[in-house]
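Participant: Predicted coordinates and the sequence they were generated for:
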Amino acid sequence: MKSAIIIDESLPIGLLANAAACITTGLFHHQLQAYGPEIHGTDHTFIPITKIPILILKKGKKDFNEIIRRIKDVDLRCMIFTKEGQSTADYDEYIKRTEGKSLSELHIVGIGIIGDDVQVTKVVGDIPLLK
């Protein structure tokens, strides 16, 4: 199992980090097999983190619609995050801004995928790492 987040690298660093965090929370929802166990120290218990790699990639010249087409060609779980979601702190407002709309009506800032290593690589193999 492998995951990747493709992000619009032109976002300011704070919004970029926020988008990656939001995508990760949605992407790993109901993916309990992806988490390791709690780790117990002498004075602290560490909350489980993922056991699988999370690649953070930059969109570059790729079009998000092209990436979505690639995702549809393989069997991967996908999390699409939009500016509409990022520009509000109220979830009900996020719902109002996105419900009933097509992706073409929204402004995508990042996409996360999770699934089989080979399938993830098929989608993101030519997309560069965010550095």
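Facilitator: Perfect, I can see it now.
Participant: Distance check, the closest residue to residue 15 other than its chain neighbours against residue 33.
Facilitator: Take residue 15 and drop its neighbours on the chain: the residue closest to it by CB to CB, 6 or more residues apart in numbering is residue 86, 6.3 Å away. C-beta here means a position set from N, CA and C on the backbone, and glycine is covered the same way. Per CB to CB, to the nearest Å, residue 86 is found 29 Å from residue 33.
Participant: cool, and residue 25?
Facilitator: 17 Å.
Participant: so after the longest helix along the chain, what's the next helix or strand?
Facilitator: Identified as the longest helix of the chain according to DSSP state H is helix 13-27. Using DSSP states H and E, the helix or strand that directly follows helix 13-27 along the chain is strand 39-40.
Participant: Quick one: mean pLDDT for that next one?
Facilitator: Strand 39-40 shows an average pLDDT of 96 in the prediction.
Participant: can you tell me the helix or strand for residue 81?
Facilitator: Applying DSSP H and E, one finds residue 81 within strand 77-82.
Participant: next one: that strand to chain centre, how far?
Facilitator: 6 Å (CA atoms, centre = their mean, to the nearest Å).
Participant: tell me which element residue 127 is part of?
Facilitator: Counting by DSSP H and E, residue 127 is part of no helix or strand.
Participant: For burial, what's the neighbour tally of it?
Facilitator: 17 (other CB atoms under 10 Å).
Participant: still on that earlier bit, so the residue nearest to residue 15 touches residue 16, yeah?
Facilitator: No. Residue 86 is not in contact with residue 16 according to CB atoms under 8 Å; the separation is 10.2 Å.
Participant: Would you report the backbone torsion angles of the residue of the chain most remote from its centre?
Facilitator: Distance from the C-alpha centroid of the chain, by CA atoms, centre = their mean, peaks at residue 42 (33.7 Å). As for residue 42, its main-chain torsions (degrees, to the nearest 10) stand at phi -80, psi -30.
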